[in-house]
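# Requesting a structural model of the entry that follows:
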Amino acid sequence: MLENPRSPRVRAVAKLTKRSARVETGLFLLEGPQSVREALQYLPDAIVELFATPTAWEKHADVRALADEHGVEVEYVTEAVLAAMADTVTPQGLVAVTRQTPTSVKDIFAAEPKLIAICEEVRDPGNLGTIIRAADAAGADAVVLTGRTVDPYNPKVVRSTTGSLFHLPVSVGGDLDDVIRRAHAAGMNVVAADVKGDDLLVARADGVLAQPTAWLFGNEARGLDEDALSQADRALRLPIFGRAESLNLATAASVCLYESAFAQRATH
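Have a look, this model is predicted:
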């Protein structure tokens, strides 16, 4: 059992909360039974190390079974060691060191996707994690992140995806111009979510959302710049029926992705 919170090994794990360490090592941190369970089920070969307190390991029989099934060994740690490793204030007894497994932009579009989310300069970790989760729930084929978007392996992003990071391809660090060009070459409509766009209800009526669609989402504060908007085939906005000034980016993205999912499935 690892007992010293200040040991070099524990410090190496804890460093993965920092972007510089993640870039240097190609690894990232998973915390809690939900994230560890999804990684063991969908991408077990990516797990490099798995740590647990004896109490947590005893409690989560499903995680134990998946680890046994895939030959992933667990190393016991004390509560103090786990707290030193984790990013959260109240960790839930399980931590895993995992390889980053981004998918290339080329491979995403080679698979002829019908629905993807493109995130341009999305900076809030919670927003990005929720968009990835919503894309997964809506049955999207991939999420593409351009260079100025927050690191998807940031611990807050990983927690916000609640395991969806392991369910669908995620591309990292793409150039927006190149991504849009590839989307068009793959036969997709690029639809920008923008407050100055047309009413989404009009697009619902004319059937445009039933076509292969790449939704383009911009920065939380500034939205999309004019160059990005000019490259989109269309810009759409969600109508506001109540008194709210606007919608949170992740909430709006969830609605947009589901609108496409509904429209595409209604045609089959």
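
# Find the centremost residue of the protein, please.
Against the mean C-alpha coordinate of the chain, by C-alpha atoms, centre = their mean, the closest residue is Ile132 at 3.6 Å.

# For it, which non-adjacent residue is closest in space?
Using C-beta to C-beta, 6 or more residues apart in numbering and skipping the chain neighbours, the partner closest in space to Ile132 is Thr161 (4.7 Å). To be clear about C-beta, it is placed using only N, CA and C from the backbone, and glycine gets the same treatment.

# Point me to the helix or strand that includes Thr101.
Of the helices and strands defined by DSSP states H and E, none includes Thr101.

# Count the neighbours of the closest residue to it other than its chain neighbours for me.
Closest residue to Thr101 apart from its sequence neighbours, by C-beta to C-beta, 6+ apart: Ala46 at 5.5 Å. As a burial measure, Ala46 scores 18 neighbours (other C-beta atoms under 10 Å).

# Arg64 now?
As a burial measure, Arg64 scores 15 neighbours (other C-beta under 10 Å).

# What's the separation between it and Gly26?
In this view, Arg64 and Gly26 are 27 Å apart by C-beta to C-beta, to the nearest Å.

# what do you get for Ala203?
With distances taken as C-beta to C-beta, Ala203 is found 40 Å from Gly26.

# So between those two, which is more surrounded?
Neighbour count, other C-beta under 10 Å: between Ala203 and Gly26, Ala203 has more, with 22 against 12.

# need the helices for the chain, in chain order.
8-14, 19-25, 32-42, 54-59, 61-69, 79-85, 105-110, 125-137, 155-161, 176-185, 200-206, 226-231, 249-266 (DSSP state H).

# Buried ones in the fourth one, by neighbour count?
Pointing back at helix 54-59 there. Buried residues in helix 54-59, counted by 16 or more other C-beta atoms under 10 Å: 56-57.

# Give me the contacts around that helix.
With C-beta atoms under 8 Å, 6 or more residues apart in numbering as the test, helix 54-59 has contacts from 1, 33, 63-64, 74, 76, 92-94.

# mind redoing it with 10 Å?
1, 32-33, 36, 50-53, 63-64, 67, 74, 76-79, 82, 91-95 (C-beta atoms under 10 Å, 6 or more residues apart in numbering).

# out of the residues you listed, which are buried?
Among the contacts of helix 54-59, those classed as buried by 16+ other C-beta under 10 Å are 32-33, 36, 50-53, 63, 67, 74, 77, 82, 91-95.

# sorry, back to before: my guess is the residue nearest to Thr101 contacts Tyr153, does it?
No. In this structure Ala46 lies outside contact range of Tyr153 using C-beta atoms under 10 Å: 11.4 Å.
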